[in-house]
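> Mind folding the following:
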Amino acid sequence: MSVTAPQIEIDIPLPKPPKVLSEPEKQRYQDKIKHQLEQHNAVLIAHYYTDPEIQAMAEATGGFVGDSLEMAKFGARHEAQTLIIAGVKFMGETAKILSPEKRVVMPTLEATCSLDLGCPADAFSEFCDQHPDRTVVVYANTSAAVKARADWVITSSIALDVIDHLDAKGEKIIWGPDRHLGRYIQNKTGADMILWQGHCIVHDEFKFKALDQLKAMHPDAAVLVHPESPESVIELADVVGSTSQLIKAAQTLPETKIIVATDKGIFYKMQQAAPDKELIIAPTAGEGATCKSCAHCPWMKMNILENLSTVFEREGVDIEVDKDVAVKAMKPLKRMVEFVNS
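From the prediction side, this is the model:
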């Protein structure tokens, strides 16, 4: 008899889109951010899914743009004593766990993630306790408390390799929280996995029919899909991969047109890597789709020049992780880093 993990319904209001800034306002905030980074011995670290102007700000000031693990590793090795994490809260927590001696701040601590929200630590831990014979593997898109309950933390770039490794050892797995990524890995590896029923609101909105129609309009285009997308969408892909892997694919594929099924914030770095390619966002509106996100995470959009410029003037911007939780979460994070470096 198959075992199904509970599905946690997320019923929260999405944040409102930020106001549009004039060019003089942008310049004023950019100048202030540069000054404050120097003044506070700080570095700006941004995720691929933040708005292009935030990614450009990180690049222009000697910071970094990357995925969640790359962000945390960059912060750990950088000499700055303060890390400004432009992303969502679990990214700030991971950076703090890997750099406990540093101050870690965020433009807003209200920037969260539907995967994180859909995997409450208490409910997930209780479910894991019901299956003590299974190895607990969680995606990086989870809270520090969920990571602390895990045996392994992984990113999408190493998920297949880690699960293949564990399956070869005969280990049975509890996977959380993204059901689509879990199903993709299960199909590829054949591993015995119980899948927690979470999802990313951005990737969950890509639909087979709309993407199939777009492919028909651009038969010469390659299709790149993030594995957090539904199984039917993945089946239409020429390349399935993490953010870094999709950027690499856009750069190396021979096709000059690329249809991209992931958060459109990735276009900033993808276009840098493949300046001669035409990038087309996969549809999230139309028949069978709701366009709650319109291919851009509403919480990532909360990282704006205005709140970034005032991060050292406000309270409630510091990431703090309970020491016991941090110690427990460090074990699966360290296991992941060692696996990558092995």
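> Which strands or helices does the top helix by length along the chain pack on?
In the chain, assigned by DSSP state H, the helix with the most residues is helix 323-341. In terms of contacts (3 or more CB pairs under 8 Å, 6 or more residues apart in numbering; DSSP states H and E), helix 323-341 is packed against helix 89-98, helix 144-149, strand 152-154, helix 159-168. In short, each C-beta sits where N, CA and C put it, glycine included.
> okay, the ones you listed in CSV with mean pLDDT next?
Shown next, in CSV, are the helices and strands packed on helix 323-341 (pLDDT from 0 to 100):
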stretch, mean pLDDT
helix 89-98, 96
helix 144-149, 98
strand 152-154, 96
helix 159-168, 97
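> which stretch among those comes nearest residue 32?
For residue 32, the closest of those is helix 89-98, at 21.3 Å, according to CB to CB.
> Assign a three-state SS to the closest residue to residue 64 other than its chain neighbours, would you?
Nearest residue to residue 64, sequence neighbours excluded (CB to CB, 6 or more residues apart in numbering): residue 74, at 4.3 Å. Here residue 74 is recorded as helix under DSSP: H, G, I helix; E, B strand; the rest coil.
> what about residue 74, distance to residue 193?
In this view, residue 74 and residue 193 are 31 Å apart by CB to CB, to the nearest Å.
> out of the helices and strands packed on helix 323-341, which comes closest to residue 299?
Taking the helices and strands packed on helix 323-341 one by one with CB to CB, helix 89-98 is closest: 8.5 Å.
> Contacts made by the very next helix or strand once past that closest one with the rest, please.
Following helix 89-98 in sequence order, the next helix or strand is strand 103-105 (DSSP states H and E). Residues outside strand 103-105 that contact it (CB atoms under 8 Å, 6 or more residues apart in numbering): 75, 81-85, 92, 95-96, 311-312, 317-319.
> Please apply the same query to stretch 317-337.
For stretch 317-337, using CB under 8 Å, 6+ apart, the contacting residues are 69, 73, 85, 89, 92-98, 100, 103-109, 138, 144-145, 147-155, 158, 162, 311.
> Just the buried ones from the residues you listed?
Listed as buried from the contacts of stretch 317-337 are 69, 73, 85, 89, 92-98, 103-109, 138, 144-145, 147-155, 158, 162, 311; burial here means 16 or more other CB atoms under 10 Å.
> Tell me who's in contact with the residue lying closest to residue 228 once chain neighbours are set aside.
In space, and not counting its chain neighbours, residue 228 is closest to residue 203: 3.8 Å by CB to CB, 6+ apart. Residues in contact with residue 203 (CB under 8 Å, 6+ apart) are 180, 226, 228-230, 261-263.
> Please report the distance of residue 103 from residue 320.
Applying CB to CB to residue 103 and residue 320 gives a distance of 10 Å.
> hmm, I was thinking of residue 337
Counting by CB to CB - residue 337 and residue 320 are separated by 22 Å.
> Please compare those two by neighbour count and tell me which comes out ahead.
residue 337 (17 against 12; other CB atoms under 10 Å).
> Quick check: the more buried one vs residue 70, distance?
In terms of CB to CB, residue 337 sits 11 Å off from residue 70.
> before we move on, what about residue 275?
Taken as CB to CB, the span from residue 275 to residue 70 is 22 Å.
> neighbour-wise, which of these two wins?
residue 70 (18 against 8).
> need the contact list for residue 96.
102, 104, 319-321, 326.
> Then residue 225?
Counting by CB under 8 Å, 6+ apart, residue 225 touches 206, 233-234, 236-237, 239-240, 261-262, 282.
> go on, residue 30?
Applying CB under 8 Å, 6+ apart, the residues near residue 30 are 57, 60, 305.
> Would you mark the buried spots in stretch 213-225?
214-215, 221-225.
> Include pLDDT, secondary structure and distance to residue 252 when you put those residues into TSV, please.
Output for the buried residues of stretch 213-225, formatted as TSV (pLDDT from 0 to 100; DSSP: H, G, I helix; E, B strand; the rest coil; distance: CB to CB, whole Å):
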residue	pLDDT	secondary structure	distance to residue 252
214	95	helix	22
215	96	helix	20
221	98	coil	15
222	98	strand	10
223	98	strand	15
224	98	strand	11
225	98	strand	16
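> Same list (those residues) but as a markdown table, adding distance to residue 255.
Formatted as a markdown table, those follow (distance: CB to CB, whole Å):
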| residue | distance to residue 255 |
| --- | --- |
| 214 | 14 |
| 215 | 12 |
| 221 | 6 |
| 222 | 4 |
| 223 | 9 |
| 224 | 10 |
| 225 | 14 |
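> what's the closest of these to residue 26?
Using CB to CB, these come closest to residue 26 at residue 224, 30.1 Å.
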